[in-house]
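Engineer: For reference, the sequence and a predicted model appear below.
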Amino acid sequence: MSLHQLIRPVVRSRIPTTTTTTTIPATASSCCLPPRRNYAMQTPGNPVMEIFNRRVKHLQKERAAQNVDESRKTDYLKDEVAMRLCERLLDIKRTFPQVLDLGANSCNIARALTTPLPDETSPTGTAEALAHRISHLTCIDTSAALLNRDLALPFNSSLPITRQVVPDLETLPYAANSFDAVLSSLSIHWINDLPSLLAQVNKILKPDAPFIAAMFGGDTLFELRTSLQLADLERRGGVSPHVSPLADVRDVGGLLNKAGFKMLTVDVEDIVVEFPDTFALMRDLQAMGEGNAILHREMAPLSREVLLANEAIYRALHMEDGARGVPATFRLIYMIGWKEGEGQAKPLERGSGQLNLKDILGGGDFEQK
Amino acid sequence: MPSTRTRPIEKFAKATAKCSAEAAAYGKCVVADYNAVHKDMCAREFMKLKDCFLAASKKV
């Protein structure tokens, strides 16, 4: 695989390339000079790493959603993360007229927003759902089948939802300053060009509006990644990628910063799910629509030999003594970034501190014994 | 689409589950030196596992 295959100039703009037409003086063009040719040129943009095959990802989601029962059954992870993501909205004492759910899957965020929250102080034991603070939610995704899967469920009536199928999540079809918040749950780990997407999100947000997202990161499914590598190596003598490369926590802060977000909060959480065997894990991933969609992957399915070897190695390497099933780690990165706006709290200038933190917090020198 | 058909992978999983002793031996062999795995490093253990699996999958 050469570098040339990996990096290709992005050709995304629909604007036709303008050919520069220079008018040649009539005298010159009449006789002697050879005819001058002009070439249509396109200035190469920034090279973009293409990592994921968007068409494959789209198909996987469509197929997963066709089987409604299985797809709903395997929504446990997405529903849980959507709940945890929406809890973060509780800290923001505001109402949101227009909210965008970027990469909605089956509108898990809408479901989480309309679920009543537990509250010990109220007589019924539940507080009003977060949805009352949101006037309108726009859910976008690439897969129509997945997006419209739960169209008939009751949660749709408690929040005005617009479902919109977009051809590509990497180009957002919205005007600048059009949303009061952008939420995204377990979707943006399939984005090829994350810096560009984040910049677009920053653009479509109104000033001083938050972007709150959760994505799979770093060590997600490291058990499966390592055991498949070993199985591939031992059985076939080489490795093909089976688990996506994912952004690390360290990268996320930098990415948000680069996209122009202020007051960043990034935190990490591990959810470990136990499965009866590795086949159940892979089946669930498939039903979630989270199958492998790396561009330069081996197109054939895993061979039976590798599957068999993987099961044995996974158990030997990662199963804890006395556990009933095999663990699978999902590392979630939650991020909150605010678009710059007036009246927003800002960090003070560097070096403008008046007090020594040591005086307030106490603590001694390191040298003291 | 509720289907009554068992998916091939389910049969595969059932047959594999019957060979836990062989699987453990193979797993142990690979994991013992996982920094220097090469092709057919544990071929003998794997063939035992495979034979067991093939025998088990006939019964499933």
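Structural biologist: Perfect, I can see it now.

Engineer: From now on I want contacts and neighbour counts done on CA atoms only, so please keep to that.
Structural biologist: OK.

Engineer: I'd like the distance from stretch B:44-53 to the chain centre, please.
Structural biologist: 7 Å (C-alpha atoms, centre = their mean, to the nearest Å).

Engineer: My error: substitute stretch A:79-90 in the last question.
Structural biologist: That offset, for stretch A:79-90, works out to 15 Å (C-alpha atoms, centre = their mean).

Engineer: go on, stretch A:358-365?
Structural biologist: 41 Å.

Engineer: how about it: buried residues?
Structural biologist: By neighbour count with 16 or more other C-alpha atoms under 10 Å in any protein chain shown, stretch A:358-365 contains no buried residues.

Engineer: Next one, pLDDT for residue 51 please.
Structural biologist: Chain wasn't specified; assuming chain A. A:Ile51 is assigned a predicted lDDT (pLDDT) of 90.

Engineer: Correction: the question concerned chain B.
Structural biologist: Model confidence at B:Asp51 (pLDDT) stands at 96.

Engineer: Kindly confirm my reading that it is in a helix.
Structural biologist: Yes - according to DSSP: H, G, I helix; E, B strand; the rest coil, B:Asp51 belongs to a helix.

Engineer: Which residue ranges of chain A form strands?
Structural biologist: Taking DSSP state E as the criterion, chain A carries its strands at A:7-9, A:47-49, A:96-102, A:117-118, A:126-127, A:134-141, A:161-165, A:181-185, A:210-216, A:261-275, A:326-339.

Engineer: Give me the neighbour count for the spatially closest residue to A:Ala82 that is not a sequence neighbour.
Structural biologist: Nearest residue to A:Ala82 in three dimensions, chain neighbours excluded: A:Ile109, at 5.2 Å (C-alpha to C-alpha, 6 or more residues apart in numbering or on different chains). Residues within reach of A:Ile109, counting by other C-alpha atoms under 10 Å in any protein chain shown, total 27.

Engineer: which residues touch A:Gln60?
Structural biologist: A:286, A:289-291 (C-alpha atoms under 8 Å, 6 or more residues apart in numbering or on different chains).

Engineer: neighbouring contacts of stretch A:113-130?
Structural biologist: A:83, A:86, A:89-90, A:131, A:155, A:158-159.

Engineer: Can I get the strands of chain A in CSV including distance to A:Arg55 and mean neighbour count?
Structural biologist: Compiled in CSV, these are given as follows (distance: least, C-alpha to C-alpha, whole Å; neighbours: other C-alpha atoms under 10 Å in any protein chain shown):
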stretch, distance to A:Arg55, mean neighbour count
strand A:7-9, 17, 14
strand A:47-49, 16, 14
strand A:96-102, 18, 20
strand A:117-118, 38, 14
strand A:126-127, 42, 14
strand A:134-141, 13, 21
strand A:161-165, 14, 17
strand A:181-185, 20, 25
strand A:210-216, 20, 24
strand A:261-275, 29, 16
strand A:326-339, 25, 22
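
Engineer: Out of those, which gets nearest to A:Gln354?
Structural biologist: Distance to A:Gln354, taken as C-alpha to C-alpha, is lowest for strand A:261-275 among the strands of chain A, at 21.9 Å.

Engineer: Tell me which strands the closest one pairs with, and in which orientation.
Structural biologist: Strand pairing for strand A:261-275, determined by DSSP bridges: strand A:326-339 (antiparallel).

Engineer: With just CA atoms, put the strand it pairs with into PDB.
Structural biologist: Extracted C-alpha coordinates of strand A:326-339, given in PDB (Å, rounded to 0.1, in the frame of the first residue of the first chain):
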ATOM      1  CA  VAL A 326     -15.300 -12.600  27.900                       C
ATOM      2  CA  PRO A 327     -15.000  -8.900  28.500                       C
ATOM      3  CA  ALA A 328     -15.100  -6.200  25.800                       C
ATOM      4  CA  THR A 329     -14.100  -2.700  26.700                       C
ATOM      5  CA  PHE A 330     -15.700   0.300  25.200                       C
ATOM      6  CA  ARG A 331     -13.800   3.500  25.900                       C
ATOM      7  CA  LEU A 332     -16.000   6.600  25.500                       C
ATOM      8  CA  ILE A 333     -14.600  10.000  25.100                       C
ATOM      9  CA  TYR A 334     -17.100  12.800  26.100                       C
ATOM     10  CA  MET A 335     -16.300  16.200  24.800                       C
ATOM     11  CA  ILE A 336     -17.800  19.600  25.400                       C
ATOM     12  CA  GLY A 337     -16.700  22.700  23.500                       C
ATOM     13  CA  TRP A 338     -18.300  26.100  23.300                       C
ATOM     14  CA  LYS A 339     -18.300  28.400  20.300                       C
END
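
Engineer: now the angle from that strand to strand A:181-185?
Structural biologist: Orientation check (axes from the mean of the first three to the mean of the last three C-alpha atoms, to 10 degrees): strand A:326-339 against strand A:181-185 gives 170 degrees.

Engineer: Contact partners for B:Gly27?
Structural biologist: With C-alpha under 8 Å, 6+ apart, B:Gly27 has these contacts: A:309, A:312-317.

Engineer: ok, the residue sitting nearest the centre point of chain B to B:Ala56 distance?
Structural biologist: When C-alpha atoms, centre = their mean is applied to chain B, the residue found nearest the centroid is B:Thr16 (5.0 Å). Note on B:Thr16: its distance to B:Ala56, by C-alpha to C-alpha, to the nearest Å, is 8 Å.

Engineer: And the pLDDT at the nearest residue to B:Glu10 once chain neighbours are set aside?
Structural biologist: In this structure, B:Glu10 finds its nearest non-sequential neighbour in A:Phe279, 7.9 Å apart by C-alpha to C-alpha, 6+ apart. Note for A:Phe279: predicted pLDDT of 95.

Engineer: Thought B:Lys11 was touching A:Phe279, still the case?
Structural biologist: No - applying C-alpha atoms under 8 Å, one finds A:Phe279 not in contact with B:Lys11, separated by 10.5 Å.

Engineer: neighbour-wise, which of these two wins?
Structural biologist: A direct count of neighbours by other C-alpha under 10 Å for A:Phe279 and B:Lys11 places A:Phe279 higher, at 19 against 15.

Engineer: Next to chain A in this structure, residues from chain B, please.
Structural biologist: B:1-2, B:9-10, B:13, B:16, B:23-24, B:26-28, B:30-31, B:34, B:37-42, B:46, B:50 (C-alpha under 8 Å from any C-alpha of the partner chain).

Engineer: how does it look with 7 Å?
Structural biologist: Residues of chain B lying near chain A by C-alpha under 7 Å from any C-alpha of the partner chain: B:1, B:13, B:23-24, B:26-28, B:31, B:37-41.

Engineer: Filter those residues down to the buried ones.
Structural biologist: B:13, B:23-24, B:26-28, B:31, B:37-38, B:41.
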